[in-house]
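J.: I need the structure of the sequence given here:
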Amino acid sequence: MAVKIETVNTSEFKMKYFKFGCGEQTVVVIPGLSLKSVIESANGIANVFKLMGDKYTVYFFDRRTDCGEDYNVEDMADDTAEALDILGISSAYVYGVSQGGMIAQLIALKRPDLVKKLALASTTSRFTGDNSAVIEKWADLAAKKKILELINCFIEAVYSKEFAEKFGELIRQMLIGVSADELHRFEIYARACNGFDVYDKLDKITCPVYAAGATGDKVFGCEPIAELAEKTNAQLYIYENYSHAVYDEAPDFIERLVKFFDE
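T.: Residues are numbered from 1 along each chain as shown. Next up, the predicted model:
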């Protein structure tokens, strides 16, 4: 059965999402930056997350589409929290990837009532210094409409060498048709990370936390996820021989998430 794409409508914004699974407990997934929305790959994602869908009702949320130039990660967190309220999701296992992990941290801090457990992958608690360079470069390339260079830079930074060699051309063909509107939104979303810093507030996150990263992460490195785990007393797992998108590449990644949620 095809996964249905739905929309949360408020007086301020529209946000697309999809859900699958039929478990009593709810998992909310907040993806990272992408030139094309993950919403377009709903059926494939549901298949990849089948193990999770067999146990839980899983929601994948996009960002709002009608955002201004000053849109930031805190706005994204507020939007997602409002969407959860509207959908009647009062307590969930929240899983955030990369920028989605930043959003998830803010939700856990601002709306702890919504977060029963928090899982974070390939993310950071502060967008400063060296760990901001890659995403800032993506934003600049998007602004200059250097699409092919941006796609190549994205693939190189996000995926491991082996994965890129095997699937890079397929990913490139999927992204090359990015529209002008999608490119502009990507630039806004990328620049939205500027100023993000919750490091000094992490000890206020009181729910159980699982954090995962990879030694070969070329976007943030693995140090930020390690310091985040230390500050939140999280379960930490660092993968060897993977890059930023370890959450897509490691065959046991979903299994480890489900184990954490099940505990």
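J.: SS state for the closest residue to residue 168 other than its chain neighbours?
T.: Closest residue in space to residue 168, ignoring its immediate chain neighbours: residue 155 at 5.2 Å, by Cβ to Cβ, 6 or more residues apart in numbering. No exception for glycine: its C-beta is placed from N, CA and C like everyone else's. Counting by DSSP: H, G, I helix; E, B strand; the rest coil, the backbone at residue 155 sits in helix.
J.: With residue 242 instead?
T.: Recorded secondary structure, residue 242: coil (three-state DSSP).
J.: Distance check, the residue nearest to it when sequence neighbours are not counted against residue 188.
T.: Of all residues not flanking residue 242 in the chain, residue 214 sits nearest, at 3.9 Å (Cβ to Cβ, 6+ apart). Going from residue 214 to residue 188 by Cβ to Cβ, to the nearest Å gives 27 Å.
J.: Which helix or strand contains residue 213?
T.: Element membership of residue 213 [criterion: DSSP states H and E] is strand 209-214.
J.: pretty sure the residue nearest to residue 242 is in contact with residue 243, am I right?
T.: Yes: the pair formed by residue 214 and residue 243 meets the contact definition of Cβ atoms under 8 Å, at 5.9 Å.
J.: got a pLDDT number for residue 1?
T.: With respect to pLDDT, residue 1 scores 61.
J.: wait, residue 129
T.: On pLDDT, residue 129 comes in at 79.
J.: Buried ones in the strand holding residue 213, by neighbour count?
T.: Neighbour counts over strand 209-214 (16 or more other Cβ atoms under 10 Å) mark 209-214 as buried.
J.: in the sheet, who's paired with the residue nearest to residue 242?
T.: For residue 214, the beta-bridge partners are residue 239 (DSSP bridges).
J.: Show me which of the buried residues of strand 209-214 is closest to residue 26.
T.: residue 210 (16.6 Å; Cβ to Cβ).
J.: contacting residues around the residue nearest to residue 168?
T.: 164, 168, 171-172 (Cβ atoms under 8 Å, 6 or more residues apart in numbering).
J.: Now residue 19: closest residue in space that isn't a chain neighbour?
T.: Per Cβ to Cβ, 6+ apart, closest to residue 19 is residue 59, 4.7 Å.
J.: just residue 225 next, same as before
T.: Nearest residue to residue 225 in three dimensions, chain neighbours excluded: residue 213, at 3.6 Å (Cβ to Cβ, 6+ apart).
J.: Ok, residue 66 next?
T.: Excluding its sequence neighbours, the residue lying closest to residue 66 (Cβ to Cβ, 6+ apart) is residue 13, at 6.1 Å.
J.: I figured that neighbour hits residue 80, correct?
T.: No: with contacts defined as Cβ under 8 Å, residue 13 does not count as touching residue 80, sitting 10.5 Å away.
J.: Residue 60 against residue 17, yeah?
T.: Yes: between residue 60 and residue 17 there is a contact under Cβ under 8 Å: 6.1 Å.
J.: Now the common contact residues for those two.
T.: Common neighbours of residue 60 and residue 17 (criterion: Cβ under 8 Å, 6+ apart): residue 39.
J.: Sketch out the low-pLDDT regions of the stretch 101-250 of the chain for me.
T.: Residues of the stretch 101-250 of the chain meeting the criterion pLDDT under 70: none.
J.: Much appreciated, bye for now.
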